[in-house]
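>>> Here is my input; please provide its structure:
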Amino acid sequence: MWVESAGPGHGSTFHFTIRCQRAELPKGTRRDFIGAQPALQGKRILVVDDNATNRRILALQTAKWGMAVHDAEAPEQALEILMRDSFDLAILDMHMPGMDGATLAVRIREAGQSLPLVLFSSAGSSKEVGDGLFAARLAKPLRQSQLFDTLMTLLAHEGARRHVAAPAHPRIDPKMASRHALRILLAEDNVVNQKLALRLLQQMGYRADLASNGLEAIECVARQTYDVVLMDVQMPEMDGLEASRRITARWPAGQRPRIVAMTANAMQGDRELCLAAGMDDYLSEPIRLDELVQALMSVPARPE
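Down below sits the predicted model:
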């Protein structure tokens, strides 16, 4: 090992020599990016990115390798897709409006999904993948070799897979509202949760009214008859617990809507606290499709 320098202020050149035996690459280990890859073919991948160009690049490249690609431009749309379909891996953009990739990863884990998550980001550092949320990170601009290596590492080798296959998720029944008619009020202040819940209800055929806090929920119930109120527990102005107490005090059983609590806390004792406030049922957020369907089916249907 030696160093050569032209003098102060001109920089230095460092040299070293290593003597070792020549290695021979095992046959079949050369990376071939052309055409379908047997180790990746048929694997299902979800790409979440608000940038259409990024989604297109990822979709085109992975499709060439034989992967089945589904993309989403919004985090709430991705949560909805994951509720009804299963995937082998998801690539999440870090910087998205409304909800970033790290928050989306938390929501995915809270929903019980265990598939490997890959962060797609032009900024940040290894800290973004050091908290256990992400199995790997892809840097922008995307290099084909990096994408290939990441997918092969996480999907091709059975020993490297970090997840257990999730059970099949129930599919949305678009005719549920016609078979089980309900008037629904959604009381929720979080915009992302609003969009997710409204989209799920819409795909089941339901049209729901919206209240952004407990006071508005009470006003809506006073103006119109509802069969069920999906009531967020934590809201500004008046929370869901107090709103439920006032609704149950003002309208007796049989003359008031069924109240279903929604809370992101999911702590021990939360269910009992909600029931003590007069709520009839309990859902944890982010909303799971099967639990939402069960909660709606427990409400007596409106006669036609």
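>>> what's the span of stretch 200-219 from first residue to last?
24 Å (Cα to Cα, to the nearest Å).
>>> At which residues are the helices of the chain located?
52-64, 75-84, 101-110, 144-151, 176-179, 191-203, 214-223, 240-250, 270-276, 289-297 (DSSP state H).
>>> just those: most buried one?
helix 75-84 (a mean of 22; mean count of other Cβ atoms under 10 Å). C-betas here are computed from N, CA, C, even on glycine.
>>> Off-centre distance for stretch 252-271?
24 Å (Cα atoms, centre = their mean, to the nearest Å).
>>> on that earlier part again, can I get the helices of the chain in TSV with mean pLDDT?
Formatted as TSV, these follow (pLDDT from 0 to 100):
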stretch	mean pLDDT
helix 52-64	91
helix 75-84	91
helix 101-110	88
helix 144-151	88
helix 176-179	92
helix 191-203	85
helix 214-223	96
helix 240-250	95
helix 270-276	84
helix 289-297	88
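>>> want to try a markdown table for those, with distance to T263 as columns?
A markdown table is the format used below for the helices of the chain (distance: least, Cβ to Cβ, whole Å):
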| stretch | distance to T263 |
| --- | --- |
| helix 52-64 | 33 |
| helix 75-84 | 17 |
| helix 101-110 | 12 |
| helix 144-151 | 36 |
| helix 176-179 | 24 |
| helix 191-203 | 11 |
| helix 214-223 | 14 |
| helix 240-250 | 8 |
| helix 270-276 | 6 |
| helix 289-297 | 12 |
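>>> Out of these, the one nearest V3 is which?
Among those, the nearest to V3 by Cβ to Cβ is helix 144-151 (32.7 Å).
>>> Please enumerate residues in contact with the closest one?
31, 33, 37, 40, 43, 45, 58, 61-62, 65, 67, 89, 118, 136, 138-139 (Cβ atoms under 8 Å, 6 or more residues apart in numbering).
>>> before we move on, the earlier item: so which of the helices of the chain comes closest to P303?
Closest among the helices of the chain, once you apply Cβ to Cβ, is helix 176-179, at 13.1 Å.
>>> ok, residues contacting that closest one?
With Cβ under 8 Å, 6+ apart as the contact definition, helix 176-179 has outside contacts at M204, G205, Y206, V293, L296, A301.
>>> now these in a markdown table, with distance to A181?
As requested, the contacts of helix 176-179 are arranged in a markdown table below (distance: Cβ to Cβ, whole Å):
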| residue | distance to A181 |
| --- | --- |
| M204 | 11 |
| G205 | 9 |
| Y206 | 9 |
| V293 | 15 |
| L296 | 11 |
| A301 | 5 |
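>>> S12 is nearest to which of the helices of the chain?
helix 144-151 (31.6 Å).
>>> now the angle from that closest one to helix 52-64?
70 degrees (axes from the mean of the first three to the mean of the last three Cα atoms, to 10 degrees).
>>> Quick check: can you list the domain ranges of this protein?
38-160, 176-297 (automatic domain parsing).
>>> Okay, V106 and A177: tell me how far apart.
31 Å (Cβ to Cβ, to the nearest Å).
>>> can you count the residues close to N213?
When counting by other Cβ atoms under 10 Å, one arrives at 19 neighbours for N213.
>>> For it, which non-adjacent residue is spatially closest?
E237 (4.0 Å; Cβ to Cβ, 6 or more residues apart in numbering).
>>> Right, I'll leave it there.
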